[in-house]
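sequence and computational prediction follow.
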Amino acid sequence: MNAERTKSYVLFPMGAKRFALPAEFVEELARPDRLQTFPHRTPLLTGVLVRRGKIVPVCDVAQVLVGADAPPRKFYLIANREATAHQEWTAIPVTGECALASLEPSRPEAGQPPYVTEVLKTGEEKIAVVDLSKLISPEVTR
Amino acid sequence: MREQRPRPQPGSHEGVILFRVGAFNFAIAAGAVKEIRSMDGVREFAIGGISARVDKLRYTLERGGATYFVVDAARHFQLPASSPSRVLILRNSSTAVLVDSTDRMTDISVLHALPRAFTRDERSWYRGLALVNDEVVPVVNPAAFLNKVEQEIVRQTLERLQGVAVV
């Protein structure tokens, strides 16, 4: 592994697979909190959390990443997401504990979804690094 | 890059009326409401197919010589049919809103911007979000109950039917 090219990532489980976010975007891993809901029409958004005085949208990306059969989500991974020239916290329900890892990224293979920006290899496992803004964009969720 | 922050309103408070539709609580600026009434006088109407084009618009209310177009809030928020019992007559508007119940007036000191992750109709439905006793309550945008396009449909239909009584 080339130390100069390694970067820090937060690896999060989604069912049997793991995905990653660049660590610089991750704010915290939170225990299940009180999910509050109100009427809206945006796909994937399941409600909001109140964390440290902020109202944080909760975006259940499991159905995009692994389909409808994802196991119950246990934690919220709260990450910064670029939203029309602003940074906004977004909570992603994940199915288990997360891990911090320094890994060397490689380019995704052709045919990967547009929200996969890099691929991490650890042993036999290939982990997709996702761009949260692209993942919840209307082009992906419609 | 700027982090999203609640809209600064130093020292200011806004009076809101809390109301309920289906399983959800909402708030509306107290200043936007002229009157809260029972459903007495609310009449179903079917003028020129307006209800077919503006599904949430099914009733009128005659009050003080004025005709108010009554929007069913459950349909507006695309919720299952609920059990309305109150009408909010909006100030400076010919729109009234059918809601299940009104709760109380309260003050909010901060109006949080709707997170940008919300990208659809809710961006026009709500002015923002308020925290009321640790509960996140959307603060509705009164102008969205009958937006300009919908008002235009009503206006054009009524003009076309000029001379026909509104019942």
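That came in fine, so what should we check first?

tally up the residues packed near residue 24, please.
By default, I'm working from chain A. 11 (other Cβ atoms under 10 Å in any protein chain shown). C-beta: built from backbone N, CA, C; applies to glycine.

um, chain B though
By other Cβ under 10 Å, 18 other residues sit near B:Phe24.

again with the one 10 residues further on
Here the count is done by other Cβ under 10 Å, and B:Lys34 has 15 residues near it.

same question, A:Ala110
A:Ala110, neighbours per other Cβ under 10 Å, totals 5.

quick one: it is in a helix?
No - using DSSP: H, G, I helix; E, B strand; the rest coil, the secondary structure at A:Ala110 is coil, not a helix.

give me the pLDDT for it.
Looking at A:Ala110, its pLDDT stands at 91.

for it, give its distance to B:Phe45.
In this view, A:Ala110 and B:Phe45 are 59 Å apart by Cβ to Cβ, to the nearest Å.

report all helices and strands that the longest helix along chain B contacts.
Criterion DSSP state H: the longest helix present in chain B is helix B:148-160. For helix B:148-160, the packing partners by 3 or more Cβ pairs under 8 Å, 6 or more residues apart in numbering or on different chains; DSSP states H and E come out as helix B:50-53.

what does the helix it packs on contact?
B:Phe45, B:Leu57, B:Arg58, B:Ile153, B:Val154, B:Thr157 (Cβ atoms under 8 Å, 6 or more residues apart in numbering or on different chains).

nearest to B:Ser82, of these?
Nearest to B:Ser82 among the contacts of helix B:50-53: B:Arg58, at 13.3 Å, using Cβ to Cβ.

which residues does the closest one contact?
B:Glu44, B:Phe45, B:Ser51, B:Val70, B:Asp72, B:Arg75.

which two among those residues are spaced furthest apart?
B:Phe45 and B:Arg75 (14.8 Å).

picking that back up, could you turn the buried ones of the contacts of helix B:50-53 into a PyMOL selection?
One line in PyMOL is enough to select the buried members of these, burial here meaning 16 or more other Cβ atoms under 10 Å in any protein chain shown:
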select buried, chain B and resi 45+57+58+153+154
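
any idea where the strands of chain B begin and end?
For chain B, the strands defined by DSSP state E cover B:2-3, B:14-21, B:24-29, B:33-37, B:42-44, B:57-63, B:66-72, B:86-90, B:95-99, B:101-108, B:126-132, B:135-140.

deepest of those strands, which one?
Counting by mean count of other Cβ atoms under 10 Å in any protein chain shown, strand B:95-99 has the highest mean neighbour count of the strands of chain B, with a mean of 25.

okay, the angle between it and strand B:66-72?
On the basis of axes from the mean of the first three to the mean of the last three Cα atoms, to 10 degrees, strand B:95-99 is oriented at 40 degrees to strand B:66-72.

need the residues of chain A near chain B, please.
Chain A has residues A:36-42, A:45, A:48, A:50, A:54-57, A:59, A:81-88, A:90, A:136, A:138 near chain B, with proximity defined as Cβ under 8 Å from any Cβ of the partner chain.

residues from chain B in reach of chain A?
Within chain B, the positions near chain A by Cβ under 8 Å from any Cβ are B:1-4, B:24, B:26, B:77-79, B:112, B:115-122, B:125, B:129, B:131, B:134-138.

around B:Arg91, how many other residues sit close by?
Neighbour tally, B:Arg91, other Cβ under 10 Å: 14.

wait, it sits on B:Lys34?
Yes - in this structure, B:Arg91 is within contact of B:Lys34 by Cβ atoms under 8 Å, at 4.2 Å.

SS state for A:Val64?
Classified using three-state DSSP, A:Val64 is helix.

actually, A:Glu82.
Assignment for A:Glu82 (three-state DSSP): strand.

show the backbone phi and psi for the spatially closest residue to it that is not a sequence neighbour.
Taking Cβ to Cβ, 6 or more residues apart in numbering or on different chains, and ignoring the residues beside it in sequence, A:Glu82 has A:Ser133 as its nearest neighbour in space, at 5.3 Å. The phi/psi pair for A:Ser133 (degrees, to the nearest 10) reads phi -60, psi -40.
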